[in-house]
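K.L.:
Below is the structure, and that's it, no one-letter string:
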């Protein structure tokens, strides 16, 4: 007897999208432990989120749980990975091979989650023409030429803040559809362009502030 | 004539904390351009956030704007950097020198925002005893011994999900007060421990989903 068969077809909210990887990692962990099925109640106990919230979040994904048994773990993992886009490889360019940019080029983990950086751009003559982790570094002037060859939709932005807007504008003019912005600068883009902000420094600020409060107590 | 002199003393909300670095980077950019003063209206135009929201956010910080002139840029930068904790160096350990962990060790940018990774822990015999970017890698068994020497409050978590909870528990037992969790695993911690989740993979999932919607249109 299948329950939750009605798939929720509304636009999926961002908080849900951010929670789904938690369920995925939890399901992977349960599989490693030899489990075959997992219920939203079990997930709830392990990650401290309401079971009703989990069931609601999973209603956006095309998976049916079974009464008293829960979700088939293998299927849950497969469906979540597909849904989250981790099984399709998405090609990306990285802009700005500084300290953080270079670090991201070296992080092969991103490719396990569907992001393949196929090239990077910089103007530093010591970097242009070299490779990091097998990824070629081109001169920024060659961006439009490369776009015609590589079929890339995503740009990872790791340039200094002084040129963050200018480089974003160039990326979009060249055909980039989504920008993963690692700079602490808030870029402006046309409505049809996707921006995902990941400012490590903003996260640090939150952590330092909360830590100071804790220590003061 | 000073306005906004009343400092807001409530606990600062997380969305405000996440926006403050945007104002900081904008102020730095204005300073590079030779400006001396900036108003919340000017910041608003540049980063596309309501001026009233900016003024409200800045009310949590101890800075006074002047009517028709705005905030003194040098002072605004200094006050924001202090408030956000970027001028104090916070010592941290990193746990798990895999692909992402190694990348973070190589990112010297973190130290410009107040985070100094003073040591890393792993069990891989090829890594233990070596250094990355000058940062020593110790065996995980030496964590408690090192804690007594280094005076560290913050742990950066970049281990595989299967051991994310176990390592977090050990970190806390050893005296770590704040965990910067880069794993896609939702760790459980006692109430007095600060957790900042930065799952690059969750951000990727949001970006892929929004990109697919854009492309379908």
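P.N.:
Now that the structure is in, tell me what you want to look at. It should be emphasised that the depicted structure is a prediction, and the values quoted were computed from it without experimental measurement.

K.L.:
wait, does the strand or helix carrying residue A:137 contact chain B?
P.N.:
When elements are assigned from DSSP states H and E, residue A:137 belongs to strand A:135-139. No. If you take CB under 8 Å from any CB of the partner chain as the test, strand A:135-139 misses chain B, and the best it gets is 13.0 Å. For the C-beta atoms, the positions are set from N, CA and C on the backbone; glycine is no exception.

K.L.:
so after that strand, what's the next helix or strand?
P.N.:
Strand A:135-139 is succeeded, C-terminally, by helix A:143-150 (DSSP H and E).

K.L.:
near chain B at all, the longest strand that chain A contains?
P.N.:
Longest strand in chain A by number of residues (criterion: DSSP state E): strand A:115-122. Yes. Strand A:115-122 is in contact with chain B by CB under 8 Å from any CB, via residue A:115.

K.L.:
Low-confidence ranges, chain A, go.
P.N.:
A:1-10, A:216-217 (pLDDT under 70).

K.L.:
Pop the domain breakdown of chain A in here.
P.N.:
Listed by automatic domain parsing, the domain ranges of chain A are A:14-84, A:90-202.

K.L.:
anything in stretch A:190-207 sitting right up against chain B?
P.N.:
Yes. Applying CB under 8 Å from any CB, one finds stretch A:190-207 touching chain B at A:192-194, A:196, A:198-207.

K.L.:
And stretch A:44-63, by the same measure?
P.N.:
Yes. Counting by CB under 8 Å from any CB, chain B is contacted by stretch A:44-63 at A:47-49.

K.L.:
Between its first and last residues, what's the separation in that stretch?
P.N.:
17 Å (CA to CA, to the nearest Å).

K.L.:
now swap in stretch A:40-60 and tell me
P.N.:
End-to-end distance for stretch A:40-60: 14 Å, by CA to CA.

K.L.:
mind listing which of the residues of stretch A:190-207 next to chain B are in strands?
P.N.:
Using DSSP E, those in strands are A:194, A:196.

K.L.:
Residue B:149: which of the residues of stretch A:190-207 next to chain B is nearest?
P.N.:
residue A:207 (22.9 Å; CB to CB).

K.L.:
quick one: contacts for the closest one?
P.N.:
Shown in contact with residue A:207 (CB atoms under 8 Å, 6 or more residues apart in numbering or on different chains): B:154, B:178, B:180, B:194, B:196.

K.L.:
Nearest residue to it in space, please, no chain neighbours.
P.N.:
residue B:196 (4.1 Å; CB to CB, 6 or more residues apart in numbering or on different chains).

K.L.:
Count the residues that sit near that neighbour.
P.N.:
Applying other CB atoms under 10 Å in any protein chain shown, we find 23 residues neighbouring residue B:196.

K.L.:
Let me know whether the longest helix along chain A sits next to chain B.
P.N.:
If you go by DSSP state H, chain A has its longest helix at helix A:14-32. Yes. Counting by CB under 8 Å from any CB, chain B is contacted by helix A:14-32 at A:14, A:17-18, A:20-22, A:24-26, A:28-29, A:32.
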